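Colleague: can't give you the sequence, but here's the structure:
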């Protein structure tokens, strides 16, 4: 299928007005094809920018399930850009579903979550940026999706906290966070911690995953995954202290910050 239903350069120039004459099913198909592209202008500047806006504005409400199913199916796609833009679309769909209760069935969110859970901690191509393909950002995009899943599936919150911990401590990644992945993970963790009903043990228990991963470390160069973990924990500590502009500080922020600081004393033994 070719991406020829919409004059995309004109749409982009006009700040993405919704093409009312195009059936939403055909538009969803076209956007899904474009989101596979290795060309960042087609994939990111056109398809993702349009999809994010039109989903948020409600223009694609009748095809949200289809968009979500297509995105979730791409976590096993052989091309990295297909895998790493899938969580962005799921984030948009889930956020829209949270805004309009009942729009996204829980069964659909659970179905997509299962695919996301299998992909996120094991993705090996975690580069933030590629000079030819543009943004890839598996870690950051996955973090955004994790926060959205926490709102759609509140009973998965502790599992999502542990999932983020497994992502930052993944030893198979040779990519050192260079494009603010640590901050995006920290923001996601803060939003998951914001969810009402978490008790103290649930809010802090996921840090055990990190402590266990770091256990036994000794002198010598810091592994890439450990650097990523320390960077994320520092960013989390800052986020816990300052909060987000659109949300309050989580209920157990002080305890989470204290546990985080305890772990950071492993490399930074001079901390008070």
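Modeller: Cool, the structure landed. Model, not experiment: these values are computed from the prediction.

Colleague: Residue 149 is in contact with residue 110, correct?
Modeller: No - taking contacts as C-beta atoms under 8 Å, residue 110 lies outside contact range of residue 149: 9.6 Å. C-beta: built from backbone N, CA, C; applies to glycine.

Colleague: more neighbours, these two?
Modeller: The neighbour count for residue 110 versus residue 149, taken as other C-beta atoms under 10 Å, is higher for residue 149 (27 against 14).

Colleague: what secondary structure does the more buried one sit in?
Modeller: Counting by DSSP: H, G, I helix; E, B strand; the rest coil, the backbone at residue 149 sits in helix.

Colleague: residues touching it, list them.
Modeller: Under the criterion of C-beta atoms under 8 Å, 6 or more residues apart in numbering, the contact list for residue 149 reads 90, 94, 109, 113, 116, 156, 160.

Colleague: From the residues you listed, list just the buried residues.
Modeller: Buried subset of the contacts of residue 149 (neighbour count, 16 or more other C-beta atoms under 10 Å): 90, 94, 109, 113, 116, 156, 160.

Colleague: All the strands of this structure, in order from the start?
Modeller: 129-130, 134-135 (DSSP state E).

Colleague: Run through the residues that contact the closest residue to residue 178 other than its chain neighbours.
Modeller: Spatially, and ignoring its direct neighbours in sequence, residue 178 is nearest to residue 128 (5.8 Å; C-beta to C-beta, 6 or more residues apart in numbering). Residue 128 is in contact with 135-137, 139-140, 175, 177-181, counting by C-beta under 8 Å, 6+ apart.

Colleague: Of those residues, keep whichever come out buried.
Modeller: The neighbour-count criterion (16+ other C-beta under 10 Å) marks 135-137, 139-140, 175, 177, 179-181 among the contacts of residue 128 as buried.

Colleague: can I get these in JSON lines with distance to residue 247 and pLDDT?
Modeller: Formatted as JSON lines, those follow (distance: C-beta to C-beta, whole Å; pLDDT from 0 to 100):
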{"residue": "135", "distance to residue 247": "25", "pLDDT": "98"}
{"residue": "136", "distance to residue 247": "27", "pLDDT": "98"}
{"residue": "137", "distance to residue 247": "22", "pLDDT": "98"}
{"residue": "139", "distance to residue 247": "21", "pLDDT": "98"}
{"residue": "140", "distance to residue 247": "18", "pLDDT": "98"}
{"residue": "175", "distance to residue 247": "29", "pLDDT": "95"}
{"residue": "177", "distance to residue 247": "23", "pLDDT": "97"}
{"residue": "179", "distance to residue 247": "23", "pLDDT": "98"}
{"residue": "180", "distance to residue 247": "19", "pLDDT": "97"}
{"residue": "181", "distance to residue 247": "20", "pLDDT": "98"}
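
Colleague: Now render these as CSV, adding distance to residue 70.
Modeller: Below are the buried ones among the contacts of residue 128 laid out as CSV (distance: C-beta to C-beta, whole Å):
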residue, distance to residue 70
135, 20
136, 19
137, 20
139, 22
140, 21
175, 27
177, 29
179, 26
180, 28
181, 25
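
Colleague: and the residues you listed, which of them are in helices?
Modeller: 139-140, 181 (DSSP state H).
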